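K.L.:
Mind folding the following:
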Amino acid sequence: MRVAIVGSSGYISKYLIKRFSELGESVSLIKIGRSNDADHFLDLNKSDDFCFSVLNDVDYIIFTAAISGPDQCAKEFDSCWNVNVTGTCFFIREALKRNCKVLFFSSDAVFGNNPKTVFDEFSETKASTPYGKMKKTVEDAFSDNNNFKCIRFSYVVSAKDKFTSYCLSCIKQSKQAEIFHPFYRSSITISDVVSSVFYLLSNWSEYEAPFLNVAGDELISRVRIADELNRIFNGILDYKISIPSEAFFKNRPQITQMRSLYLKKNRILDDISFSQKFFKELENIKL
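P.N.:
Alright, predicted model coming up:
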């Protein structure tokens with residue numbers, strides 16, 4: 001199996017690459033991106049400069065590359081659109097021409113701001129933020145193609161995600177963490193992400209839906225994550241709760257609830273609690 005990862009230097013990509021490396025010679029992996037260790041350089045601002053012949057023998061493309069900061073997507077809309085939509089769609093279109101199967105990384109942001117709704121794979125997408133609209137545009141462009149599937153993530157928690165890293169840094173420096181609340185997502189772990197990706201690569205034809213929502217059963221706040229850290233590290237995280245300004249929620253909903261019709265039905269993820277999953281992610285962290 002030949003697999004290409006677009007955006008190979010990204011946070012999630014590093015975990016995927018580690019898993020692929022454990023499979024040995026059964027997988028040939030191509031890293032595409034802007035970093036020095038990429039096998040092939042790609043600037044999504046200039047996708048038409050890419051040598052697409054390198055995809056001729058590729059079976060699967062995992063498309064992780066994006067400008068994902070919601071505030072940046074709002075402030076620099078045109079330049080972010082050029083990367084997240086124009087350049088991305090050009091690359092995916094060329095890959096599909098070469099019969100590659102494309103797994104596109106999307107987000108719960110495509111559903112918009114409706115805190116009373118729990119969104120599944122077939123809920124209507126009414127993206128309300130610039131970042132959500134960018135992801136929705138790519139989804140809409142290719143969702144009718146059987147060689148395109150879209151995996152939507154809620155907030156991905158790990159020992160290295162942005163918020164957890166901030167809290168761990170505060171612990172190490174004996175600083176008080178400031179936690180914005182209320183702010184809720186159907187959070188998952190990085191191990192859930194990796195398992196879901198490998199499930200789709202192994203069951204592409206059998207999984208007929210164009211979308212897979214990767215979301216947890218529980219609605220998780222940042223305060224909950226901080227409390228989980230205190231359970232793991234014996235209460236050494238000192239934090240205060242702050243109410244964000246309205247500007248903070250302009251580009252990110254206060255609450256997004258997402259669920260999957262397939263994660264349990266197809267036994268894609270372990271059926272254990274968020275607390276158990278989070279502990280597994282942090283069990284090798286030394287402070």
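
K.L.:
Now for the spatially closest residue to Ile188 that is not a sequence neighbour: which residues touch it?
P.N.:
Ranked by C-beta to C-beta, 6 or more residues apart in numbering and with sequence neighbours excluded, the top spatial neighbour of Ile188 is Gly216, at 5.0 Å. No exception for glycine: its C-beta is placed from N, CA and C like everyone else's. Residues near Gly216 by C-beta atoms under 8 Å, 6 or more residues apart in numbering: Ser154, Ser186, Ser187, Ile188, Asp192, Phe274, Lys277.

K.L.:
cool, Tyr60 as well?
P.N.:
Taking C-beta under 8 Å, 6+ apart, we find Tyr60 in contact with Met1, Arg2, Val3, Ala4, Cys100, Lys101, Val102, Leu103, Leu201, Trp204.

K.L.:
Looking at those residues, spot the one nearest Ile225.
P.N.:
The nearest member of the contacts of Tyr60 to Ile225, counting by C-beta to C-beta, is Leu103 at 27.2 Å.

K.L.:
Strands of the stretch 151-287 of the chain, residue ranges please.
P.N.:
156-157, 177-180, 184-185, 188-189, 211-214, 220-221, 239-242, 255-258 (DSSP state E, counting those that start in this stretch).

K.L.:
Over to the stretch 1-150 of the chain?
P.N.:
2-6, 28-33, 40-41, 60-63, 101-107, 118-119, 148-153.

K.L.:
Name the spans of the stretch 51-200 of the chain whose pLDDT lies under the cut-off.
P.N.:
Within the stretch 51-200 of the chain, not a single segment meets pLDDT under 70.

K.L.:
got the strands of the stretch 1-150 of the chain as TSV, with distance to His181 columns?
P.N.:
As requested, the strands of the stretch 1-150 of the chain are exported to TSV (distance: least, C-beta to C-beta, whole Å):
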stretch	distance to His181
strand 2-6	35
strand 28-33	35
strand 40-41	42
strand 60-63	33
strand 101-107	21
strand 118-119	21
strand 148-153	22
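
K.L.:
any idea how far the residue nearest to Ile188 lies from Phe198?
P.N.:
Going from Gly216 to Phe198 by C-beta to C-beta, to the nearest Å gives 18 Å.

K.L.:
on that earlier part again, which one of the contacts of Gly216 has the most neighbours?
P.N.:
Neighbour counts for the contacts of Gly216 (other C-beta atoms under 10 Å) peak at Ile188, which has 27 neighbours.

K.L.:
In space, what's closest to Thr189 - neighbours in sequence excluded?
P.N.:
Closest to Thr189 by C-beta to C-beta, 6+ apart is Lys277, at 4.7 Å.

K.L.:
Do you know the pLDDT at the one you found?
P.N.:
Looking at Lys277, its pLDDT is 98.

K.L.:
What's the separation between it and Ile17?
P.N.:
To Ile17, Lys277 is 21 Å away according to C-beta to C-beta.

K.L.:
swap in Leu287?
P.N.:
Separation of Leu287 from Ile17 (C-beta to C-beta) stands at 26 Å.

K.L.:
same check, this time on Asn147
P.N.:
23 Å.

K.L.:
Then Ser53?
P.N.:
23 Å.

K.L.:
And Phe41, by the same measure?
P.N.:
Following C-beta to C-beta, the distance that separates Phe41 from Ile17 is 17 Å.

K.L.:
mind listing what Val194 touches?
P.N.:
Applying C-beta under 8 Å, 6+ apart to Val194 gives the contacts Tyr15, Leu16, Arg19.

K.L.:
count of neighbours near the first one?
P.N.:
Residues near Tyr15, counting by other C-beta under 10 Å, number 18.

K.L.:
try the second one
P.N.:
Burial of Leu16, expressed as a neighbour count using other C-beta under 10 Å, amounts to 21.

K.L.:
tell me, what residue is most central in the protein?
P.N.:
Ranked by distance to the mean C-alpha position of the chain (C-alpha atoms, centre = their mean), the top residue is Phe153 at 4.8 Å.

K.L.:
From Ser28, how far off is it?
P.N.:
Distance, Phe153 to Ser28, by C-beta to C-beta: 26 Å.

K.L.:
what ranges do the helices span in this protein?
P.N.:
11-21, 70-75, 77-81, 88-97, 130-142, 162-172, 190-202, 222-232, 246-250, 274-282 (DSSP state H).

K.L.:
Minimum distance to Pro210: which of those helices has it?
P.N.:
helix 130-142 (8.2 Å).

K.L.:
Not counting the closest one itself, show me its contacts.
P.N.:
Under the criterion C-beta under 8 Å, 6+ apart, residues 66, 68-70, 73-74, 77, 80-81, 84-85, 88-89, 92, 96, 102, 104, 106-107, 109-112, 125, 127, 148, 150, 211, 251 lie in contact with helix 130-142.
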